[in-house]
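give me a 3D structure for the following:
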Amino acid sequence: KALKDFHAKNGNCLVPFGKETGSLRSWTERQKKLYASAKLGQQQVDDLKALDFDFNMKHLSTRSVVPKPATTLMTAKAESKEKRNKPKSPEKEKSAKKQKKDAIVGLSTPPAASAPLVRKSSLVIEDELTWNKNYEALKTYKAENGNCSVPFGKETGSLRSWLERQKKLYASSKLDQDKIEKMVELGVSF
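Down below sits the predicted model:
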């Protein structure tokens with residue numbers, strides 16, 4: 001009955017998730033599962049087919065949405081564009097740029113201005129100056145702690161991240177041989 005009412009109101013049986021439709025959505029998903037396992041009675045199948053019910057399991061547990069009128073969609077797009085184009089305060093702008101740069105580069109120390117980064121696949125290979133600074137920091141860590149097992153923590157987090165990046169580069173055959181030799185000589189185990 002509830003699905004018939006929904007179909008009459010919306011012209012389809014694509015019940016979205018939501019407070020008002022949550023139990024109906026759950027019920028339609030159960031019907032799909034029962035149909036797929038051949039446990040749904042023929043009368044129930046016929047009743048659902050009469051409503052153009054989609055028994056396709058690929059639609060199961062996806063957050064389908066009842067189509068909105070074009071004017072609502074156009075308004076939503078305009079509001080979204082307006083939000084994106086809204087000017088930010090200088091502090092927020094600077095912070096957003098720094099966060100974006102840090103997320104893309106993912107380095108523990110900033111690269112030299114003249115040395116470009118090289119991107120291979122999804123891994124970032126930093127410039128020589130930055131690599132050497134981090135390598136020296138790892139040497140210092142080993143001298144103080146007797147090993148290259150850098151733990152996560154406030155003081156060692158960026159060094160640990162750099163070391164993990166080097167291991168990933170090594171695993172994907174993207175770490176230079178001379179760097180591998182230096183790190184192995186220092187006691188890093190890949």
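
flag every buried residue along the longest helix anywhere in the chain.
Longest helix in the chain by number of residues (criterion: DSSP state H): helix 128-145. For helix 128-145, a neighbour-count test (16 or more other Cβ atoms under 10 Å) marks 130-131, 133-135, 137-138, 141-142 as buried. Bear in mind the C-beta positions are built from the backbone N, C-alpha and C, glycine included.

pLDDT for those residues - can I get that in TSV?
Below are the buried residues of helix 128-145 laid out as TSV (pLDDT from 0 to 100):
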residue	pLDDT
Thr130	87
Trp131	89
Lys133	90
Asn134	91
Tyr135	92
Ala137	91
Leu138	92
Tyr141	90
Lys142	91
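
where do the strands sit along the chain?
For the chain, the strands defined by DSSP state E cover 118-120, 123-125.

just give me the lowest mean pLDDT stretch among the ones you listed.
Sorting these by mean pLDDT places strand 118-120 lowest, at a mean of 51.

what pLDDT is listed against the spatially closest residue to Lys139 that is not a sequence neighbour?
What sits nearest to Lys139 in space, not counting adjacent residues and going by Cβ to Cβ, 6 or more residues apart in numbering, is Leu186, at 6.3 Å. Looking at Leu186, its pLDDT is 90.

and Leu186, how many neighbours?
Look at Leu186: counted by other Cβ atoms under 10 Å, it has 13 neighbours.

do the same with Ala8
Counted by other Cβ under 10 Å, the residues lying close to Ala8 total 9.
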